Structures are given as C-alpha cells and as structure tokens.
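J.: let's see this in three dimensions:
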Amino acid sequence: MMTTTTTTTTLTTLTTATRGTARRATRTVARVARPTFARATAVGGASRTRTTRARRGGAVVTRADALAPPAVFDAACAASEKKSAQAPTTTLTLGFAAGALIGLGALLMTCVGGASPALAANNPGLSAFVKGAIGLPAGLTMVILTGAELFTGNVFVMLSGALNGVANERQVARSWALSYAGNFAGSVFMAYMAYTAMTAASPAASAAAVGIATAKASLPFVAAFTKGVLCNWLVCLAVWGTMATTSVAGKILAIFWPITMFVALGFEHSVANMFLIPHGMLLGANVSWAQMMTGNIIPVTLGNIVGAAVFVAGVHWLAYGKK
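T.: Predicted coordinates:
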C-alpha cells in the first residue's frame, strides 16, 4: 500500500514538473516570435526611425517604417535615372493622366470647399482649411499611387538626378516638356468633361468656379511667381514624403498636410490652374486664354520650378548628394 502511494505521488510530481516546463517553453517561443520594436538612428542625421524586428524562418528581419533622408534623396536620383530612359510616349501619356487626376481633385475642391459661401463668410479660416483638405490631396494621392507624371514633382526628381550626375540637361528638358504638355492636355480635357457633365451646375459651385478663375488670372506677376515658389516647395516635400515610405497609408499621410497647407494658404499650382481657369472660363468667367497664360500660368510655372529646384532638389543635394 505504501509503495502504491509513493508511486502515485512521484507520478504526480513528474506530471506537474512537465507541465511547468511546457508552459515556460511556450512563453519563450512566444517571446521569440513576437515582433519587437527598436529605435534605430537614421543615417546622416539625428532623426530616429522605428523599426520592426521579427524572426522568420530562423532569421531576424528588420523593416523600417520610413527611409532616412539621405536614402530618400538617393531614391529620387534613381527615379530620375528611370525617367530619363522612359519612352516619350509613356511620359506624355502619364502626364495626361496626372493632369486629369489633379483636375478631378481641383473640381472636388471647387464643388465642396469653394461652393460653401456661408462658411466662407462666417468662418473664413475653416473655409480655407476645408478647401485645402478636400480636393487636391485626393488628386495627388491618385497621381502617386498610379505612377502618373506630374510636372511639378518631375522638376524636383529630374533636377536631383541632374545635380547628382545620373541625368543630363537634354534628358531633364525632354522630361519637363513632355510632362508639362501632358499635364496641360489632361487638365483642359478634364475641365471640358466637368463642364459637359454639369458637375458645377449649381449656382454656388458655378459662382465658385468663375470666381476662382477670375481671381487667379488677375494676380500681379510677382505675387503669382512667389505663390508658385511656396506652393511647389510644399508639393515636392509631399512627393519626398511619399518616397520615404512603401505604405499606402504612409503615402496618403505624407501628401495630406503639405497639400492642405498650400491650398489653405492660397499658394499657386500651375497644373491645378490648368484645370481651374479653363473650367471657370467655360462657366462664364471673363478671362481670355492670353490672360490665363500671362496672368497666371507662366509666372506660376516659373515659381514652381524655382521652388522645386532651390528648396527641395538643391537643398537636399547640398546636404546628401555627391559633391
């Protein structure tokens, strides 16, 4: 009897020990398999990037949430090299798509933010934010996610490559000319489509479109140029942000704040204006094509080029490029 009791006690003890060992082993495996977050110092700067580490198949895999700034500049140069080898018809086609998509964003801004006169009268600050947040961020998001060719971003990318020695002057000029021509055609096409579809047929939306076109075509040259500089500084920083991440959500967030900022502050974007002014003209704005070009498109385009060249491509080449 004593022997049986001893044997039973021994078995119980062994079972309990085995279960404890199994639980500890399970916890150990869970800790190894669970992703852990570490802070990694970004190359070439004091900023820090959060990374995710996890074991996959016995190896540790590290995934950064965003590229460090020098790596983003390298990515822009690589994109410049790729665009330099792109067929002219491809650049022109993608330019047309970008102009149409930016036009859609500008149309949304007009029909929602612009067509809210009571909000503009009672709360002009909020009205400006609504116009900035609803419309052009959506347009640029579609451009980035589809790979369309937007002239204003192209200036930053191609100049980065030229400054770093991976693109020559002829390639830069060709890419600029084709993307610009494609953007113009796509924007005017979308203006005509929006007019034909009577998208801004309501009195408030029609008045907004006419008012926007008239105001833009009436800007003094220096004001239009300066607004163009400030605008494309922000637009190219949005493009920079989208290059820093492979996440769709990250790209959308990188686009939202700079684009909302430039619209809310009243800066000028040449490609958006290629839609906004013709659209207003179709709806009755007393603006001629000559007034559109000399009063807005030409000075704004020049300002957009300077903003991208000096404050994005130039500044970051001095900081991170080959000297």
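J.: pLDDT (mean, whole number) over stretch 165-178?
T.: Average pLDDT, stretch 165-178: 97.
J.: next, the buried residues of it.
T.: Across stretch 165-178, burial judged by 16 or more other Cβ atoms under 10 Å covers 166, 167, 171, 172, 174, 175, 176, 178. Every C-beta, even on glycine, is put in place using the N, C-alpha and C of the backbone.
J.: now the second one. Nearest residue, chain neighbours left out?
T.: Looking back up the chat, that one is residue 167. Spatial nearest neighbour of residue 167, excluding adjacent residues (Cβ to Cβ, 6 or more residues apart in numbering): residue 161 at 3.8 Å.
J.: for the one you found, what are its contacts?
T.: By Cβ atoms under 8 Å, 6 or more residues apart in numbering, the contact list for residue 161 reads 76, 77, 79, 80, 81, 83, 84, 167, 172.
J.: need the pLDDT of it.
T.: Per-residue pLDDT puts residue 161 at 97.
J.: so where do the strands sit in the protein?
T.: 36-41, 48-56, 59-64 (DSSP state E).
J.: hang on, the earlier thing: out of the contacts of residue 161, who's nearest residue 321?
T.: Nearest to residue 321, judged by Cβ to Cβ, of these is residue 77 at 7.7 Å.
J.: thought residue 160 was touching that closest one, still the case?
T.: Yes. Residue 77 lies in contact with residue 160 (Cβ atoms under 8 Å); the separation is 5.3 Å.
J.: the more surrounded of the two?
T.: residue 160 (31 against 25; other Cβ atoms under 10 Å).
J.: can you tell me which residues contact that one?
T.: Residue 160 sits next to 73, 76, 77, 80, 313, 316, 317, 321 when contact means Cβ under 8 Å, 6+ apart.
J.: how close does the nearest residue to the fourth one once chain neighbours are set aside sit to residue 228?
T.: In space, and not counting its chain neighbours, residue 80 is closest to residue 161: 2.4 Å by Cβ to Cβ, 6+ apart. Per Cβ to Cβ, to the nearest Å, residue 161 is found 22 Å from residue 228.
J.: same check on residue 205?
T.: Using Cβ to Cβ, residue 205 is found at 26 Å from residue 228.
J.: which residue of these two possesses the greater neighbour count?
T.: residue 228 (29 against 20).
J.: can you report how many residues lie near residue 146?
T.: 11.
J.: would you agree it is in contact with residue 97?
T.: Yes. Using Cβ under 8 Å, residue 146 is in contact with residue 97, at 6.7 Å.
J.: circling back to that earlier point, which neighbours do residue 77 and residue 160 have in common?
T.: Shared contacts of residue 77 and residue 160, defined by Cβ under 8 Å, 6+ apart, comprise residue 321.
J.: much appreciated, bye for now.
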